[in-house]
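Asker: Return a 3D structure for these sequence lines:
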Amino acid sequence: MYFVPFVVKRFMTFLHAFLLGIVQGLTEFIPVSSTAHLLIVSNLLGLPSDDRTFSFSVIIQLGTVLALFIFFWKDFWQITQAFFLGIKNKKPFDNFHARLGWLVIVATIPALIAGFFLKDIVQNRFSDPFTQGGIRLLVTAALLTLVEYFDNRKRNLESATWLDALTVGLFQVLAIFPGASRSGSTIAGGMIRGFDRPSAARFAFLMSAPILLAAGAYESINVIAMPGTHEFLPFLIIGFVTAAIVGWLSIKWLLAYISKHSLYIFAIYCAVVGLVVLIAK
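Answerer: Here you go, the predicted structure:
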């Protein structure tokens, strides 16, 4: 990605970075599309729809990735430990957490392949944030409604298989397009495979961690290499820290909420916001 040098004061303020951090933290894990909201809010704040805004939005995702690792630290530690111990003992699939590690890899492959080949197409979609954000919100609304309506909610995470991981991975491909909800898509993928809502959400979050980490790391390299990095860094830090704090709270709230409530409220929200955005465009 080519990064055009810019004067930070003309691009972003600390308030912009703080507000976008809140938006990222609130919407990354709640199935309402963080990308769509960042596109819409960035446009409302008067920020340009270019490489700078795109990279800022991807990098502050690292804040929510940090929140994800902190919240599920025990899961990730057990997965990592069991994964390598299984390889060492030549019994890579005997332990649940070891199998889960392999399932994370399987779920990551489709999005990595799609992201590599569709990168230029995806970035071009950021040129029309309101249209793309509105359309993807409507798609998310339809997807959440369908999986909730046909949901059988019987399975837990311990029963996860290779086909489950591949299904969630394929649904994760939808999230590389602007405005599509990563959490909404992957939770839907898990529910289609018969997982109950909390298990589908937990599975989705564990599966999405490598992709979010890879995307944020890639954009971080671009920012480090660009002119004026020292001027841009304070804004990234504010967005990162804000997204991390708000993201942790969002995960905690969402898991508690969906254990007792349906996804219809998120579908309604996405439908309403999507229609308003398209009408007001």
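
Asker: List the backbone torsions phi and psi for the residue of the chain positioned farthest from its centre.
Answerer: Within the chain, residue 89 marks the point farthest from the mean C-alpha position, 34.2 Å out by C-alpha atoms, centre = their mean. Note on residue 89: its backbone torsions stand at phi -90, psi 0 [degrees, to the nearest 10].

Asker: which ones are touching it?
Answerer: Counting by C-beta atoms under 8 Å, 6 or more residues apart in numbering, residue 89 makes contact with nothing. For glycine as for every other residue, the C-beta is placed from the backbone atoms N, C-alpha and C.

Asker: Report pLDDT for it.
Answerer: At residue 89, the pLDDT value in this model is 88.

Asker: likewise residue 67?
Answerer: 95.

Asker: Tell me how many other residues crowd the closest residue to it other than its chain neighbours.
Answerer: Leaving aside its sequence neighbours, residue 67 sits nearest to residue 247 (C-beta to C-beta, 6 or more residues apart in numbering; 3.5 Å). The criterion is other C-beta atoms under 10 Å. On that basis, residue 247 has 30 neighbouring residues.

Asker: Mind listing what's buried along the helix or strand containing residue 247?
Answerer: Using DSSP states H and E, the element containing residue 247 is helix 229-258. The neighbour-count check on helix 229-258 (16 or more other C-beta atoms under 10 Å) flags 232, 235-236, 238-248, 250-251, 254-255, 257-258 as buried.

Asker: Residues touching the helix or strand following it, excluding its own?
Answerer: Using DSSP H and E, the helix or strand that follows helix 229-258 in sequence is helix 264-280. With C-beta under 8 Å, 6+ apart as the test, helix 264-280 has contacts from 30-33, 36, 40, 130-131, 133-138, 140-142, 144-145, 148, 181, 184.

Asker: and what of stretch 145-158?
Answerer: Residues contacting stretch 145-158 (C-beta under 8 Å, 6+ apart): 96, 100, 187-188, 191-197, 199, 202-203, 262-264, 267.

Asker: export that stretch as CSV, just CAs?
Answerer: Only the C-alpha atoms of stretch 145-158 are listed here, as CSV (Å, rounded to 0.1, in the frame of the first residue of the first chain):
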residue,chain,number,x,y,z
THR,A,145,-32.2,-12.8,11.0
LEU,A,146,-31.8,-16.0,9.0
VAL,A,147,-29.5,-17.8,11.4
GLU,A,148,-31.5,-16.8,14.4
TYR,A,149,-34.8,-17.9,12.8
PHE,A,150,-33.4,-21.3,11.8
ASP,A,151,-31.2,-21.8,14.9
ASN,A,152,-31.3,-25.1,16.7
ARG,A,153,-28.8,-24.2,19.5
LYS,A,154,-27.7,-27.6,20.6
ARG,A,155,-23.9,-27.9,20.3
ASN,A,156,-21.1,-26.6,22.5
LEU,A,157,-17.5,-25.8,21.6
GLU,A,158,-16.2,-29.2,22.7
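
Asker: now the helices for the protein?
Answerer: All helices of the chain, identified by DSSP state H, fall at 8-11, 14-27, 34-44, 51-59, 61-71, 73-88, 96-124, 129-149, 162-173, 182-192, 197-225, 229-258, 264-280.

Asker: tell me the most buried of those?
Answerer: Ranked by average neighbour count under the criterion mean count of other C-beta atoms under 10 Å, the helices of the chain are headed by helix 182-192 at a mean of 27.

Asker: quick one: low-confidence ranges for the stretch 101-250 of the chain?
Answerer: In the predicted model of the stretch 101-250 of the chain, residues 118-130, 177-180, 224, 226-230 satisfy pLDDT under 70.

Asker: 80 instead, please
Answerer: 115-134, 136, 150-154, 174-181, 215-216, 218-233 (pLDDT under 80).

Asker: wait, isn't residue 169 in contact with residue 110?
Answerer: Yes: contact criterion C-beta atoms under 8 Å: residue 169 and residue 110 qualify, at 4.2 Å.

Asker: my read: residue 47 touches residue 12, true?
Answerer: Yes: with contact defined as C-beta under 8 Å, residue 47 and residue 12 form a contacting pair (6.5 Å).
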